[in-house]
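Asker: 3D, please:
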Amino acid sequence: MTLRLERIKASAQFRAGSFRNTSGKGPGLKGNPLPIMSEFFFGGGARRPRGVLPVSDPLPTWGTSVPDAGLRITWLGHSTMLIEVDGQHILTDPVFGERASPVSFSGPKRFHPVPATIDQLPPLDAVLLSHDHFDHLCAPSMKQLARLHVPIITSLGVGAHLEQMGVDPAVIFELDWQEQHTMPGGRLAFRATPAQHFSGRGLLDRNRTLWSSWVITTDRHRQFFSGDTGFTDEFSTIGEQYGPFDVVMLEIGAFHPAWGDIHLGPENAHRAFQLLNGKALLPVHWGTFDLALHPWDEPAEQLFELARKSDTTLLTPTLGKPFMPIQHEAPNPWWRTLSRREP
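Answerer: Take a look at the predicted model:
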């Protein structure tokens, strides 16, 4: 028995051969599937933007030092972000491929070019990988990152996928919920925290690996990254134990009531933010791939209105534009110029 398998079997989340959510909820569809099929086949017109999304070139800013505030973030699309914090460079859920798919010729295709290539990234200190779904664990991207020998922090069991993609086992650090990995020197730490989702990359490996949300800490800053998750009361405990957070990065896209237990959507993201003890909310997991049945910009539009009514500090950067949360601008609904419907 390998050490990885021993750790999986010892996990409190692993029961009867698979990982489980604390609530017991899974990815099964809720309600009548017929309306969902109708939306899938006849409601696709608004699921893509009507024009080219604005994409900034982050390289000139990356070439400058981060000011004393010590935290700068660049949203590169979907759940991929470059976080520059107190001299550390962290890349989250790196998806640089053209499709969120197991094959290169089919599957959801990105709406916009990647603002920067892997070769153009600053030297990385860590890659944070939340779980094994194709829109978070991109094989072509990971094979390229494997050549850099950057430490990869991920959820329990995901390392087996990474090794198959050429990643050196010595740089893979798999965590169970509530486990922490501190980088050499003690300046940067990652803690895996509960999420309500599922895993799997094929027909036979459902829930064989764990999924996690993440607390990222340095001496001066704390960030929360949701990965993929539905709403769970565990957010309250995370906020109490590990907050306050300078930035809370929450998924808002790929939502539908039929699978509302395992994705947040804008309303539950706003609700989760209230529990997580965060200072500012950065919505991610939208605007790059068509992974649901809603108009492409609907999650951002709904969250924008919820934040406006509740005085929530909402961060709405355009793709590729590095920004400092402490110097945030007023929310800007830049997506409205590309909407296929009236805002």
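Asker: so after the lowest-mean-pLDDT helix or strand in the chain, what's the next helix or strand?
Answerer: Counting by mean pLDDT, DSSP states H and E, the chain has its least confident helix or strand at helix 33-42, which shows a mean of 64. Past helix 33-42, further along toward the C-terminus, the next helix or strand under DSSP states H and E is helix 59-62.
Asker: if you count neighbours, what's buried in that next one?
Answerer: 61-62 (16 or more other C-beta atoms under 10 Å). Every residue, glycine included, has its C-beta placed from N, CA and C.
Asker: for the record, mean pLDDT for it?
Answerer: Averaging pLDDT along helix 59-62 yields 97.
Asker: contact partners of it?
Answerer: Contact with helix 59-62 is made by 72, 74, 82, 84, 116, 120-122, 322, as judged by C-beta atoms under 8 Å, 6 or more residues apart in numbering.
Asker: let me have those residues in TSV, adding pLDDT, neighbour count and secondary structure as columns.
Answerer: Output for the contacts of helix 59-62, formatted as TSV (pLDDT from 0 to 100; neighbours: other C-beta atoms under 10 Å; DSSP: H, G, I helix; E, B strand; the rest coil):
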residue	pLDDT	neighbour count	secondary structure
72	97	23	strand
74	98	23	strand
82	98	23	strand
84	98	21	strand
116	98	20	coil
120	98	12	helix
121	98	21	coil
122	97	14	coil
322	97	20	coil
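Asker: okay, those residues in a markdown table with distance to residue 266 next?
Answerer: Below are those laid out as a markdown table (distance: C-beta to C-beta, whole Å):
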| residue | distance to residue 266 |
| --- | --- |
| 72 | 25 |
| 74 | 22 |
| 82 | 24 |
| 84 | 27 |
| 116 | 27 |
| 120 | 32 |
| 121 | 30 |
| 122 | 31 |
| 322 | 24 |
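Asker: looking at those, which one is closest to residue 141?
Answerer: residue 121 (11.1 Å; C-beta to C-beta).
Asker: residues contacting the closest one?
Answerer: Counting by C-beta under 8 Å, 6+ apart, residue 121 makes contact with 62, 82, 89, 91.
Asker: if you set the cut-off to 7 Å instead, what comes out?
Answerer: By C-beta atoms under 7 Å, 6 or more residues apart in numbering, the contact list for residue 121 reads 82, 91.
Asker: and the one 3 residues further on, by the same measure?
Answerer: For residue 124, the contacting residues are 89, 91, 148, 150, by C-beta under 7 Å, 6+ apart.
Asker: any chance of those in TSV, with distance to residue 257, secondary structure and neighbour count too?
Answerer: Listed next are the contacts of residue 124 as TSV, based on distance: C-beta to C-beta, whole Å; DSSP: H, G, I helix; E, B strand; the rest coil; neighbours: other C-beta atoms under 10 Å:
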residue	distance to residue 257	secondary structure	neighbour count
89	38	strand	20
91	32	strand	25
148	41	coil	14
150	39	coil	19
